[in-house]
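Trainee: Predicted model follows, preceded by the sequence.
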Amino acid sequence: MAATSWEDSVKCLKGVILDMCGVLYDAGEDGGTPIPGSVEAVKRLKASDLQVRFCTNETQATREVFVAKLQRMGFDICVSEVFSPAPAAVAVLKERGLRPHLLVYDGVVPEFDSVEKANPNCVVIGDAAEKFSYQNLNDAFRVLIGLEKPVLFSLGRGKYYKEDEGLNLDVGVYMKALETVMIGDDLVNDVGGAQHCGMKGVQVRTGKYRPSDEKHPTVTADGYVDNLAEAVETILKLRGQ
């Protein structure tokens with residue numbers, strides 16, 4: 001495989017951030033199945049000198065539930081290593097003394113147990129799936145329109161995600177890091193988002209990847225690999241591990 005800009009910077013890496021769905025596993029009705037080689041790839045990364053963290057735009061379950069699912073698949077992962085939108089939103093709400101009206105999936109509501117929600121002075125939306133009804137959207141609108149200075153938080157910005165039945169609408173994710181490489185399947189949100197933050201972005205040809213991604217008019221990945229296992233093999237080989 002020809003050297004690319006992301007490979008040139010591998011020896012200087014301090015950490016790796018891994019997207020999860022579409023990189024570690026493929027979603028499905030049974031909860032999902034590991035992408036071949038990904039379980040071992042994570043083990044190899046965690047045995048190296050690199051810091052490894054996991055980033056997900058999962059907003060339909062708590063981190064505890066989500067991580068438990070990954071552990072059942074065989075992944076060496078713990079809650080403290082996972083960064084997801086809801087806990088980040090909770091931190092901001094507490095810092096600003098805000099009381100949210102929630103338009104989120106029922107499964108993620110427990111993440112907000114520690115914040116006051118009476119007499120809301122802001123709105124938080126996430127991937128609410130079927131709860132994105134007219135009535136629920138209108139309730140959120142009424143909260144915002146009744147505020148002198150409306151405050152709206154979204155638990156992400158992505159357009160869609162992949163499930164067993166196909167691609168579904170989503171609200172996505174935003175994240176920031178320094179001196180790391182982002183490995184993801186979503187060209188615009190994973191790779192493009194990482195590049196916007198000054199990181200290298202590598203796209204795996206699994207999950208949401210489409211061949212047309214490699215000819216995208218505005219976002220070009222720093223590198224493409226067939227799957228996570230190939231990315232890890234490249235990183236560790238170039239680092240002499």
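Mentor: Perfect, thanks for sending it.

Trainee: all contacts plus neighbour counts: C-alpha atoms, from now on.
Mentor: Fine.

Trainee: which stretches of the protein form helices?
Mentor: All helices of the chain, identified by DSSP state H, fall at 5-8, 38-47, 63-72, 85-96, 134-145, 193-196, 228-238.

Trainee: Touching the last one from outside, list them.
Mentor: Taking Cα atoms under 8 Å, 6 or more residues apart in numbering as the criterion, the residues outside helix 228-238 that touch it are 7, 10-11, 23-24, 36-38, 40-41, 44-45, 48, 183, 204, 225.

Trainee: Would you point out which residue is most central in this structure?
Mentor: Residue closest to the average C-alpha location in the chain (Cα atoms, centre = their mean): Thr56, at 2.5 Å.

Trainee: which residues touch the closest residue to that residue other than its chain neighbours?
Mentor: Among residues not flanking Thr56 along the chain, Ser84 sits closest, at 5.2 Å (Cα to Cα, 6 or more residues apart in numbering). By Cα under 8 Å, 6+ apart, the contact set of Ser84 is Cys55, Thr56, Asn57, Glu58, Thr59, Arg63.

Trainee: With distance to Cys122 added, can I get the residues you listed in TSV?
Mentor: Below are these laid out as TSV (distance: Cα to Cα, whole Å):
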residue	distance to Cys122
Cys55	25
Thr56	24
Asn57	21
Glu58	21
Thr59	18
Arg63	23
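
Trainee: Just the ones of those in strands?
Mentor: Cys55 (DSSP state E).

Trainee: distance of Gln60 from Tyr25?
Mentor: Note on Gln60: its distance to Tyr25, by Cα to Cα, to the nearest Å, is 17 Å.

Trainee: Compare the two and say which one has the larger neighbour count.
Mentor: Applying other Cα atoms under 10 Å to Gln60 and Tyr25 shows that Tyr25 carries more neighbours, namely 23 against 19.
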